[in-house]
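**Student:** here is a sequence with its predicted model. Questions after.
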Protein chains: 2
Amino acid sequence: MTTDPTQPPSTSASSVSPTSRPAGESHVTLADVAEAARVSLATASRVFSHPQLVRESTARRVREAAQRLSFRPNLLGAKLRSQQTRILGVMLPTLENAVFAECWHGIEQAAMAEGYSLMLVTSGYEAERERERVEYLLRHRVDGLVLTVADATRSAVLDQLDAEGVPYVLAYNQAAEDGMRHSVSVDNRTSASEGVRALIAAGHQRIAVVSGAFMASDRARQRYAGYEDAMHAHGLQPLPAVNLPSHIASPAVHAGAQIGALMRAPAAPTAFFCTNDLLAIGLISELKRLGLRVPRDVSVLGYDGIALGALVEPPLATVVQPNADIGTQAVKHLLARLHTVAGRTAAPVTLLPHGLRVTGTVAAPPDTTTNLP
Amino acid sequence: MTTDPTQPPSTSASSVSPTSRPAGESHVTLADVAEAARVSLATASRVFSHPQLVRESTARRVREAAQRLSFRPNLLGAKLRSQQTRILGVMLPTLENAVFAECWHGIEQAAMAEGYSLMLVTSGYEAERERERVEYLLRHRVDGLVLTVADATRSAVLDQLDAEGVPYVLAYNQAAEDGMRHSVSVDNRTSASEGVRALIAAGHQRIAVVSGAFMASDRARQRYAGYEDAMHAHGLQPLPAVNLPSHIASPAVHAGAQIGALMRAPAAPTAFFCTNDLLAIGLISELKRLGLRVPRDVSVLGYDGIALGALVEPPLATVVQPNADIGTQAVKHLLARLHTVAGRTAAPVTLLPHGLRVTGTVAAPPDTTTNLP
DNA sequence: ATGAAAGCGCTAACAA
DNA sequence: TTGTTAGCGCTTTCAT
């Protein structure tokens, strides 16, 4: 398979014997292929990049030679020369939250379909790491970026990207309508508001919000604003957010105390709105540990619509984002930007439709004033 | 920041004015930096790759020039020339299963620590896509691969990798002790056996296995073998595996019928061993839908130890794999291989310790013979 | 339709 | 310690 005796010896003093190559490195270059096919390097190159420029019979000869020699193009050379890598950089906070894993799926799908490769880095919601990881991607000369930052309103990395004119599209972060940043997301505020309205419609009045650490993310804040909207619209008093340590809803040891105290208080909430599904799942288990039944004693509404939410019992009520589609659209949007000659690509901010899944963990509030048995 | 008037005009006819560069592309090359710092290209290069070879005062001058010009090295050039990319290819089945997301975390951590970048692709457990995606990585001239294949015992992609001598380390797939493939995993068979023994110790005798579609994965088969071991060791009759459609335990509509029938049968199982946690979570919700209480009526044991399992209520009993560590060790092992001069790196197969979390969803079996109320 | 030649940005001998 | 000089593998004018 490696050596083919039927192959006539090349005219020039072809020196490289196949066996002299280090194992694991097919050091077959396009030049080798060209020589084997008795065409010039340029023609061989064209066969793969601009097939229409070369006669079919010639092309076939080249392709056969390539096959015979197990030629594998070295994309590095191509990219260096052509000054475009066809690599997209992707920065997500973490993959351990299924939201982003699902989004990645969409991103990969779209990129593959368009012949782009991906370089993925995660930031862990840390600003410093965001900078570092993006710099990293930039050094690889990615053509553009799809990224989710912790807080788009105060992001050093975004400012830098803007300053350098690097093309990027935000995913999940919802850019200001009047700004010049491009983003693909749902309408966080509106969708959250709708979710909370559904809670109110179910009869709840004392609704608390559970959010990640100090609402460090812009989305958490936007969703909280949506909560306030809904509460105010119904003449209800918004409660200050309960901040839980991590987005990943850690073993909830600390959460336990906080939630326990809250539920024992005179006017304990009858429903919770969590700014993401993981938090919701963690909260529910904490509530159960407290001896409360969900949704009979307390209702819980999440946000994200991760697949897993539908698998738990009762199924998690939640505001559903089209996670994979957010990824897909972000890539498409970015590619559109890249392929447009520095022109305006329609609207910079795309708002995808959200959904509401109000079942399972949401029910009417109990009659009692205090919930603990 | 871009132009610095204090900078003396360069000696040669330096033509490129900063403003002539296209926005978003810092076309500052090492040559520009060298010129600005009044050293040769080689010296400038050395400042970044082999700092010890250049006088500190010179190095500082170069670094300052680089800073001033916002020089960003083009890794493509470096990689092309040096013939090593310091990029590792990673292929995982999917990120939507938290097992792999957690593993990715370990991989990224380890790679970053060693100054390696990563290129991630997912295969969706499809053999054809495995080939295609790996070819893709190879064209990018990754230095090596960390990958999980659906079935290592019959893998076209692994055969190809072996034939070409590409360095790789398997994650999760457990290579044969006597083979020459490198892998990092837990001992699937032993750990599964231990899990099932714990079920038996709790008093269960009729234990069923729930696995993904047709046990297409080698791990599912190894774990089933472990189940058989445990059953035989106690003189119990292993049951044929219940195959559920997807690894991702889809809305379990089909599963419903299967599980329902099984539980209504005369000698219904009192416990289930699922070959992964997602399956277990899906199964539990199905069981609850059938009116069965877990663990009072039926016990469920998972496998994987994903973080989410500890968050649900009751917490999922499971065989715990050190997911992040599997990733970390796989990278370290691969790097060791890469840096060894074609030498043997100790043992090719690494077995990491597993754990057992037998709580929550596992309890003693009920007394009744049939479980449905 | 094909070929010759000039690099893309960087590193690594080899000199000095 | 620093500079000179070749390329790495490929694409792409510019000729023919």
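**Tutor:** Happy to help now that I have it.
**Student:** what are the phi and psi values for residue A:319?
**Tutor:** When read as degrees, to the nearest 10, the backbone of residue A:319 gives phi -90, psi 120.
**Student:** repeat that for residue A:359.
**Tutor:** The phi/psi pair for residue A:359 (degrees, to the nearest 10) is phi -150, psi -170.
**Student:** hmm, stretch A:234-247 touching chain B?
**Tutor:** No. On the criterion C-beta under 8 Å from any C-beta of the partner chain, stretch A:234-247 is out of touch with chain B, staying 10.7 Å away. C-betas here are computed from N, CA, C, even on glycine.
**Student:** which outside residues touch that stretch?
**Tutor:** With C-beta atoms under 8 Å, 6 or more residues apart in numbering or on different chains as the test, stretch A:234-247 has contacts from A:93-94, A:97, A:125, A:197, A:200, A:205-215, A:217, A:224, A:227-228, A:231-232, A:252, A:254-255, A:258-259, A:262, A:269, A:276, A:278-279, A:282-283.
**Student:** again with stretch A:210-223
**Tutor:** Contacts of stretch A:210-223 (C-beta under 8 Å, 6+ apart): A:125, A:150-153, A:172-174, A:185, A:188-189, A:191-192, A:209, A:224, A:241-247, A:272-276, A:279-280, A:283, A:303.
**Student:** domain parsing for chain A?
**Tutor:** A:13-19+A:27-65, A:83-186+A:323-353, A:188-322 (automatic domain parsing).
**Student:** figure out which of those domains is closest to residue B:162.
**Tutor:** Nearest to residue B:162 among the domains of chain A is domain A:13-19+A:27-65; the distance by C-beta to C-beta comes to 17.8 Å.
**Student:** briefly note if that closest one comes near DNA strand C.
**Tutor:** Yes. Counting by C-beta under 7 Å from any atom of the strand, DNA strand C is contacted by domain A:13-19+A:27-65 at A:38-43, A:46, A:53-55, A:57-59.
**Student:** mind saving the C-alpha coords of stretch A:187-195 as CSV?
**Tutor:** The C-alpha coordinates for stretch A:187-195 follow below in CSV (Å, rounded to 0.1, in the frame of the first residue of the first chain):
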residue,chain,number,x,y,z
ASP,A,187,-34.8,37.8,24.6
ASN,A,188,-33.7,37.1,28.2
ARG,A,189,-35.8,39.7,29.8
THR,A,190,-39.0,39.1,28.0
SER,A,191,-38.8,35.3,28.2
ALA,A,192,-38.0,35.4,31.9
SER,A,193,-40.9,37.7,32.4
GLU,A,194,-43.2,35.3,30.6
GLY,A,195,-42.0,32.5,32.7
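**Student:** average pLDDT for it?
**Tutor:** For stretch A:187-195, the mean per-residue pLDDT is 98.
**Student:** now it: how far from the chain's centre is it?
**Tutor:** Centroid separation for stretch A:187-195 versus its chain: 20 Å, with C-alpha atoms, centre = their mean, to the nearest Å.
**Student:** check stretch A:80-94 too.
**Tutor:** Per C-alpha atoms, centre = their mean, the centroid offset for stretch A:80-94 relative to its chain is 15 Å.
**Student:** do that stretch and DNA strand C meet at all?
**Tutor:** Yes. For stretch A:80-94, a contact with DNA strand C is found by C-beta under 7 Å from any atom of the strand, at A:80-81, A:83.
**Student:** the residues you listed in helices, which ones?
**Tutor:** Judged by DSSP state H, the subset of the residues of stretch A:80-94 next to DNA strand C located in helices is A:80-81.
**Student:** so which of the residues of stretch A:80-94 next to DNA strand C also contact DNA strand D?
**Tutor:** Answer for these near DNA strand D (C-beta under 7 Å from any atom of the strand): A:80-81.
**Student:** now the buried members of the residues of stretch A:80-94 next to DNA strand C.
**Tutor:** residue A:80 (16 or more other C-beta atoms under 10 Å in any protein chain shown).
**Student:** ok, so of the residues of stretch A:80-94 next to DNA strand C, who is nearest residue A:119?
**Tutor:** Among those, and counting by C-beta to C-beta, the member closest to residue A:119 is residue A:80, at 16.2 Å.
**Student:** what's the burial count for the residue nearest to the closest one when sequence neighbours are not counted?
**Tutor:** In space, and not counting its chain neighbours, residue A:80 is closest to residue B:76: 4.5 Å by C-beta to C-beta, 6 or more residues apart in numbering or on different chains. Burial of residue B:76 is recorded as 22 neighbouring residues (other C-beta atoms under 10 Å in any protein chain shown).
**Student:** before we move on, what about residue A:131?
**Tutor:** Neighbours of residue A:131 using other C-beta under 10 Å come to 15.
**Student:** who does the helix or strand containing it touch, helix- and strand-wise?
**Tutor:** According to DSSP states H and E, residue A:131 maps onto helix A:127-139. Packing partners of helix A:127-139 (3 or more C-beta pairs under 8 Å, 6 or more residues apart in numbering or on different chains; DSSP states H and E): strand A:87-92, strand A:117-122, strand A:144-147, helix A:156-164.
**Student:** still on that earlier bit, please identify which of the residues of domain A:13-19+A:27-65 next to DNA strand C is nearest to residue B:135.
**Tutor:** Out of the residues of domain A:13-19+A:27-65 next to DNA strand C, the member with the shortest distance to residue B:135 (by C-beta to C-beta) is residue A:59, at 20.6 Å.
**Student:** mind listing what's buried along stretch A:203-211?
**Tutor:** Buried, per 16+ other C-beta under 10 Å, within stretch A:203-211: A:204-205, A:207-211.
**Student:** wait, I meant stretch A:36-52
**Tutor:** Those would be A:36-37, A:39, A:43-48, for stretch A:36-52 by 16+ other C-beta under 10 Å.
**Student:** convert the C-alpha atoms of stretch A:224-233 to PDB, please.
**Tutor:** Output in PDB follows, covering the C-alpha atoms of stretch A:224-233 (Å, rounded to 0.1, in the frame of the first residue of the first chain):
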ATOM      1  CA  TYR A 224     -34.000  39.100  37.000                       C
ATOM      2  CA  ALA A 225     -35.200  42.300  35.300                       C
ATOM      3  CA  GLY A 226     -37.800  40.200  33.500                       C
ATOM      4  CA  TYR A 227     -38.900  38.800  36.900                       C
ATOM      5  CA  GLU A 228     -39.300  42.300  38.200                       C
ATOM      6  CA  ASP A 229     -41.300  43.300  35.100                       C
ATOM      7  CA  ALA A 230     -43.700  40.500  35.700                       C
ATOM      8  CA  MET A 231     -44.100  41.100  39.400                       C
ATOM      9  CA  HIS A 232     -44.700  44.800  38.900                       C
ATOM     10  CA  ALA A 233     -47.100  44.200  36.100                       C
END
